[in-house]
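**Q** Fold the stuff below for me.
(one chain, ligands or ions: 1)
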Amino acid sequence: MTLLPARRAQERIVRWQANIFKAKALLSLFAGSSLKAGVKPMKKTKILLLIFLGIIALPVLLIATPNSLGERIGERIKEEARAQGYLEYTPLQAKKLAETRCTQCHEVDRIAKYCSRCGPPFIVVITHMKRLMKQFMEREPGKKITGLTKPQELAVVQAWNAMVGNWEADFRREDMEAMIGKENTHLLALLDTPIGQREIERGLKEAGIRLKGAYVEEMKH
Ligand code: HEC
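**A** Just a heads-up that it's a prediction; the model follows:
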């Protein structure tokens with residue numbers, strides 16, 4: 001149904017109302033007489049009434065929806081602001097982001113089973129996964145893989161550190177720096193940030209939120 005300019009719609013409603021009135025008058029005229037005569041205006045009235053109700057329902061729907069629609073748009077804008085670093089991820093939002101973005105290729109179990117003896121800490125793993133994501137996107141452009149922005153990488157690393165383990169202290173700094181790479185200044189900056197000052201990591205740790213099935217590390221940091 002196309003939206004008519006308000007005034008024209010108004011005029012139509014008035015015309016329809018007049019029609020309905022006429023139809024009703026006709027109907028009452030025929031009501032007492034034969035059934036056959038009553039059928040036609042009855043049908044017309046019903047159709048007109050339906051259209052009329054539709055015309056009323058449309059603006060009501062439009063007025064009623066902006067709330068949920070507005071909320072959804074607002075949430076999209078906020079998510080974009082978080083992705084671009086204008087808004088902070090809360091610990092729980094970071095957890096959700098990590099759990100959705102990091103399970104696009106493998107089960108979360110792969111992360112749960114990861115440990116200090118398995119390989120470097122998540123701050124390094126993220127760079128490896130980022131490379132895999134890029135390769136994957138180039139190789140199979142048809143399959144949708146959603147990448148991570150820099151603020152999202154910082155949030156996701158902190159989330160896994162808290163929920164699985166953080167063994168940055170067990171690795172030589174130069175080795176981690178070399179693996180992270182000079183271009184990843186945001187990750188190098190995170191490496192320099194004490195855990196007490198990493199809002200997401202601290203928040204999840206303090207809330208005791210762990211990944212189910214995660215290898216239990218001694219939380220010494
Ligand atoms: C593009 C697909 C893809 C995405 C997305 C992805 N991974 Fe992976 N991941 C892989 C592949 C492939 C492997 C196994 C091959 C390898 O280790 O190079 C793997 C292995 C791993 C391992 C095990 C490494 C080891 O040495 O045992 C961990 C831990 C891991 N991923 C964590 C993550 C995290 C954290 C994220 C989210 C930032 C993530 N993955 C997102 C493809 C992906």
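
**Q** all helices for the protein, in order.
**A** With DSSP state H as the definition, the chain shows helices at residue ranges 6-31, 35-64, 66-83, 91-101, 109-112, 122-139, 150-163, 173-180, 185-191, 199-206.

**Q** Can you say which of the ones you listed is nearest to residue 214?
**A** helix 109-112 (4.7 Å; CB to CB). C-beta coordinates here come from the backbone N, C-alpha and C atoms, glycine included.

**Q** buried ones in that closest one?
**A** Along helix 109-112, these residues count as buried under the neighbour rule (16 or more other CB atoms under 10 Å): 111-112.

**Q** follow-up on the earlier one: can you lay out the helices of the chain as a markdown table showing distance to the ligand?
**A** A markdown table is the format used below for the helices of the chain (distance: least, CB to the nearest ligand atom, whole Å):
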| stretch | distance to the ligand |
| --- | --- |
| helix 6-31 | 50 |
| helix 35-64 | 39 |
| helix 66-83 | 14 |
| helix 91-101 | 5 |
| helix 109-112 | 5 |
| helix 122-139 | 4 |
| helix 150-163 | 5 |
| helix 173-180 | 12 |
| helix 185-191 | 12 |
| helix 199-206 | 14 |
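
**Q** Distance check, the spatially most central residue of the chain against residue 83.
**A** With the centre of the chain defined as its mean C-alpha position, the nearest residue by CA atoms, centre = their mean is residue 76, 6.7 Å away. Shown here: residue 76 relative to residue 83, a distance of 10 Å by CB to CB, to the nearest Å.

**Q** now residue 104
**A** Note on residue 104: its distance to residue 83, by CB to CB, is 16 Å.

**Q** Identify the residues contacting stretch 184-197?
**A** Contacts with stretch 184-197, where a contact means CB atoms under 8 Å, 6 or more residues apart in numbering, come from 123, 126-127, 150-151, 153-154, 157-158, 161, 166, 168, 173, 176-177, 180, 182, 198, 201-202, 205, 221.

**Q** Kindly write the ChimeraX command that selects the buried subset of those residues.
**A** This is how ChimeraX selects the buried members of those, with burial counted by 16+ other CB under 10 Å:
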select :123,126,127,151,153,154,157,158,161,166,168,176,180,198,201,202,205,221
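
**Q** more crowded one of residue 104 and residue 83?
**A** Just comparing residue 104 and residue 83: by other CB atoms under 10 Å the higher neighbour count belongs to residue 83, 17 against 14.

**Q** measure the nearest residue to that one once chain neighbours are set aside to residue 85 for me?
**A** If the residues on either side of it in the chain are set aside, residue 83 comes closest to residue 149, at 4.8 Å by CB to CB, 6 or more residues apart in numbering. Distance of residue 149 to residue 85, given as CB to CB: 8 Å.

**Q** and if you look at residue 12?
**A** With distances defined as CB to CB, the gap from residue 12 to residue 85 amounts to 51 Å.

**Q** Same check on residue 205?
**A** 22 Å.

**Q** Likewise for residue 169?
**A** Counting by CB to CB, the separation of residue 169 from residue 85 is 27 Å.
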